[in-house]
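Sequence plus the predicted model coming up.
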Amino acid sequence: MVRKFQEKKHEKSAKFKTMQEDDRLNTMLEERKLSANERELLKIMKQKREDNIKNELDKIHKEQNSEMWKSKHGVLDKGVSITRNDRPILKEKNIFLDKKNNIPFVKGEQMFFKR
């Protein structure tokens, strides 16, 4: 059963590769039929189209991001506030400082500085 599955997978990938090669050859043939000016014009039009698509996607991503933060169903409306002072971390004792020198340490050794 596993062998049969692997054979089908290999067949499918080989068929896909041949189809890709055929498509690549057809595209190359069509490009060579065009004049240099037509190829340049198509290249410029394709680039403008890609730029327009990128701009539209940027707008959509910006809108989605602002909706996520500002909407009723956004991140900040889950009943838990990230700004709540249940446990103020900045006011807690720093467990990573050496008590003598106020220098960060790792397991008793100095991490950054030599004495």
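Looks like it came in fine.

hang on, Ser13 is in a strand, isn't it?
No - Ser13 is assigned helix when assessed by DSSP: H, G, I helix; E, B strand; the rest coil, not a strand.

roughly how far apart are it and Glu63?
Look at Ser13 and Glu63: by Cβ to Cβ, to the nearest Å, they are 39 Å apart. (Glycine included, C-beta is placed from N, CA and C.)

Then Arg24?
Counting by Cβ to Cβ, the separation of Arg24 from Glu63 is 37 Å.

max-length helix in the chain?
Scanning the chain for the longest helix, with DSSP state H as the assignment, gives helix 36-70.

average model confidence for it?
Computed over helix 36-70, the mean pLDDT rounds to 94.

from now on call the first residue 718
In the new count, where the first residue is 718, that last one comes out as helix 753-787.

can you pull the buried residues of it?
Buried residues in helix 753-787, defined by neighbour count with 16 or more other Cβ atoms under 10 Å: none.

what about the host helix or strand of Asp739, average pLDDT?
Following DSSP states H and E, one finds Asp739 within helix 719-750. Helix 719-750 carries an average pLDDT of 95.

go on, stretch 814-826?
The model assigns stretch 814-826 a mean pLDDT of 61.

neighbours around Asn743, how many?
When neighbours are counted by other Cβ atoms under 10 Å, Asn743 registers 10.

cool, and the one 3 residues further on?
Around Leu746 sit 9 other residues, with neighbours defined as other Cβ under 10 Å.

now do Lys721
Residues lying near Lys721 (other Cβ under 10 Å) number 8.

Look up how far Glu728 lies from it.
Counting by Cβ to Cβ, the separation of Lys721 from Glu728 is 11 Å.

Could you do Met785 as well?
The spacing between Met785 and Glu728, counted by Cβ to Cβ, is 44 Å.

With Leu746 instead?
Using Cβ to Cβ, we find Leu746 at a distance of 27 Å from Glu728.

cool, Leu742 as well?
Separation of Leu742 from Glu728 (Cβ to Cβ) stands at 21 Å.
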